[in-house]
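Colleague: got a predicted structure here, sequence first:
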Amino acid sequence: MALSIQLLEKSHSKSTFDCGHTPLNDFIKKQAGQDVRRDLSACFVLIVEKGLVHGYYTLSANSIKKDEFPDLLQKKLPPNYTDNPIILLGRLAIDSNMKGNGWGEFLLVDALFRCLDISESLGTMAVVVDPIDKTAQSFYEKYGFILLPGSGKMFLPIKTIKQL
């Protein structure tokens, strides 16, 4: 089985992708290419065979307000930084036919190490996700993501990724 993670290209087949969540299905089929062309995000796809997309994730630069972080972390941030640089892991999805075999973890780890590489040349303090549901939230919790109070978003400090 030839496996790779590639930047999304027009030649990749997305039409049969189904992760069980209509918004995530629609995004990869209808919106991802447009976002990439507009430089709004980078979309990385899991290709197992012949250009067929079996999973994907998106990354984009973003910021988060200092007051969205837990109090303990806020105290460690410089007072003059009201917006703090983060990388948004906007979407992560695996085709339903691939679920239960560790492919979600595989994509997440790839995304996190890609974020770590980015952080070495661009200041960023964390990776932030916005889980689609409680199942996704539990998935991210297993990998150390911390819930941001009141927002439903979760974050993982770059310093934590460095320790992996």
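Modeller: Everything's here; your move. Owing to the predicted nature of the structure, the values given are computational and were not obtained by experimental measurement.

Colleague: so what pLDDT did Met1 get?
Modeller: Looking at Met1, its pLDDT stands at 58.

Colleague: now do the SS call for Ser15.
Modeller: Secondary structure, DSSP: H, G, I helix; E, B strand; the rest coil: Ser15 is coil.

Colleague: residues contacting it?
Modeller: Lys29 (CB atoms under 8 Å, 6 or more residues apart in numbering). C-beta coordinates here come from the backbone N, C-alpha and C atoms, glycine included.

Colleague: which phi and psi does it have?
Modeller: Backbone geometry at Ser15, expressed as degrees, to the nearest 10, gives phi -60, psi -30.

Colleague: report the next helix or strand after the least confident helix or strand in the chain by mean pLDDT in sequence order.
Modeller: Counting by mean pLDDT, DSSP states H and E, the chain has its least confident helix or strand at helix 71-74, which shows a mean of 78. For helix 71-74, the succeeding helix or strand toward the C-terminus, using DSSP states H and E, is strand 83-94.

Colleague: re the thing from before, so what touches the least confident helix or strand of the chain?
Modeller: 66-67.

Colleague: mind listing what's buried in that helix?
Modeller: Residues of helix 71-74 classed as buried under the neighbour-count rule (16 or more other CB atoms under 10 Å) are Leu73.

Colleague: stretch 82-90 now?
Modeller: 84-90.

Colleague: try stretch 102-111
Modeller: Neighbour counts over stretch 102-111 (16+ other CB under 10 Å) mark 103-104, 106-108, 111 as buried.

Colleague: okay, and for this protein, where does confidence drop off?
Modeller: Scanning the chain for pLDDT under 70 picks out the ranges 1.

Colleague: residues contacting the residue nearest to the spatial centre of it?
Modeller: Centroid check for the chain by CA atoms, centre = their mean gives Leu89 as the closest residue, at 2.4 Å. Applying CB under 8 Å, 6+ apart, we find Leu89 in contact with 57-59, 111, 115, 127-129.
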